[in-house]
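**Student:** fold the stuff below for me.
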Amino acid sequence: MTFLDLRQKEVINCKDCKRIGCVADMEFDPCSGQICGLIVPVPVRFFSCFGRCERYYIKFCDVVRIGPDIILVDVCLDNVIMKEE
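**Tutor:** Next comes the predicted model:
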(Lines give C-alpha, C1' and ligand atoms only; values in the text may rest on other atoms or scores of the structure.)
Protein backbone atom coordinates (compact mmCIF):
# COMPACT_ATOMS: atom_id res chain seq x y z
CA MET A 1 0.00 0.00 0.00
CA THR A 2 1.33 3.43 -0.92
CA PHE A 3 0.72 6.86 0.57
CA LEU A 4 -1.46 7.72 -2.41
CA ASP A 5 -3.69 4.76 -1.51
CA LEU A 6 -4.04 6.08 2.06
CA ARG A 7 -4.90 9.60 0.87
CA GLN A 8 -7.91 8.29 -1.03
CA LYS A 9 -9.48 6.63 2.02
CA GLU A 10 -11.96 8.19 4.42
CA VAL A 11 -11.23 8.05 8.15
CA ILE A 12 -14.19 6.91 10.30
CA ASN A 13 -14.25 7.06 14.10
CA CYS A 14 -15.50 3.84 15.75
CA LYS A 15 -16.59 5.68 18.94
CA ASP A 16 -19.39 7.64 17.26
CA CYS A 17 -19.37 6.19 13.71
CA LYS A 18 -18.81 9.63 12.20
CA ARG A 19 -16.64 10.62 9.27
CA ILE A 20 -13.49 12.48 10.35
CA GLY A 21 -12.14 13.26 6.88
CA CYS A 22 -9.50 12.01 4.47
CA VAL A 23 -5.82 11.52 5.22
CA ALA A 24 -3.80 14.59 4.23
CA ASP A 25 -0.38 13.59 5.52
CA MET A 26 1.37 11.10 7.73
CA GLU A 27 4.27 11.18 10.15
CA PHE A 28 6.84 8.44 10.25
CA ASP A 29 9.99 7.62 12.20
CA PRO A 30 12.96 8.06 9.83
CA CYS A 31 15.13 5.62 11.79
CA SER A 32 12.74 2.67 11.78
CA GLY A 33 10.58 3.64 8.78
CA GLN A 34 7.40 2.95 10.74
CA ILE A 35 4.32 5.17 10.51
CA CYS A 36 3.79 7.16 13.74
CA GLY A 37 0.50 8.85 12.92
CA LEU A 38 -1.99 10.11 10.36
CA ILE A 39 -2.85 13.78 9.88
CA VAL A 40 -6.43 14.58 8.89
CA PRO A 41 -7.64 18.17 8.33
CA VAL A 42 -10.61 19.31 10.40
CA PRO A 43 -13.67 19.84 8.16
CA VAL A 44 -13.93 23.46 7.05
CA ARG A 45 -16.54 25.63 8.72
CA PHE A 46 -17.94 28.80 7.20
CA PHE A 47 -15.63 31.32 8.93
CA SER A 48 -12.66 29.01 9.50
CA CYS A 49 -10.79 30.38 6.48
CA PHE A 50 -10.19 33.57 8.48
CA GLY A 51 -8.80 31.77 11.52
CA ARG A 52 -6.36 29.04 12.33
CA CYS A 53 -5.94 25.80 10.46
CA GLU A 54 -6.70 22.80 12.65
CA ARG A 55 -5.81 19.18 12.03
CA TYR A 56 -6.34 15.89 13.77
CA TYR A 57 -3.23 13.86 14.61
CA ILE A 58 -4.22 10.22 14.98
CA LYS A 59 -1.56 7.91 16.38
CA PHE A 60 -1.07 4.81 14.28
CA CYS A 61 -1.72 2.62 17.33
CA ASP A 62 -5.30 4.06 17.35
CA VAL A 63 -5.97 2.72 13.85
CA VAL A 64 -8.30 -0.26 14.20
CA ARG A 65 -8.40 -1.42 10.59
CA ILE A 66 -7.45 -0.28 7.12
CA GLY A 67 -10.00 -1.50 4.61
CA PRO A 68 -10.34 -1.16 0.84
CA ASP A 69 -12.39 2.07 1.14
CA ILE A 70 -12.03 3.39 4.71
CA ILE A 71 -9.73 3.57 7.70
CA LEU A 72 -11.36 2.81 11.06
CA VAL A 73 -9.91 4.55 14.12
CA ASP A 74 -10.86 4.54 17.79
CA VAL A 75 -10.12 8.01 19.22
CA CYS A 76 -11.64 10.82 21.23
CA LEU A 77 -11.50 13.76 18.82
CA ASP A 78 -11.01 16.32 21.61
CA ASN A 79 -7.66 14.72 22.48
CA VAL A 80 -6.21 14.51 18.97
CA ILE A 81 -6.67 18.05 17.63
CA MET A 82 -3.59 20.05 16.60
CA LYS A 83 -3.85 23.81 16.23
CA GLU A 84 -1.69 25.83 13.88
CA GLU A 85 -1.44 29.51 13.32
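**Student:** pretty sure Ile39 sits against Ile20.
**Tutor:** No. Contact status for Ile39 versus Ile20: not in contact, 11.1 Å apart, counting by CB atoms under 8 Å. For every residue, glycine as well, the C-beta is placed using N, CA and C.
**Student:** comparing these two, which shows the higher neighbour count?
**Tutor:** Using other CB atoms under 10 Å as the criterion, Ile39 and Ile20 rank with Ile20 on top: 22 against 15.
**Student:** pretty sure Arg55 sits against Met82.
**Tutor:** Yes. Using CB under 8 Å, Arg55 is in contact with Met82, at 4.9 Å.
**Student:** show me whatever sits in contact with both of these two.
**Tutor:** Listed as contacting both Arg55 and Met82 by CB atoms under 8 Å, 6 or more residues apart in numbering are Ile39.
**Student:** find residues that contact each of Ile39 and Ile20.
**Tutor:** By CB under 8 Å, 6+ apart, Ile39 and Ile20 have these common neighbours: Tyr56, Ile58.
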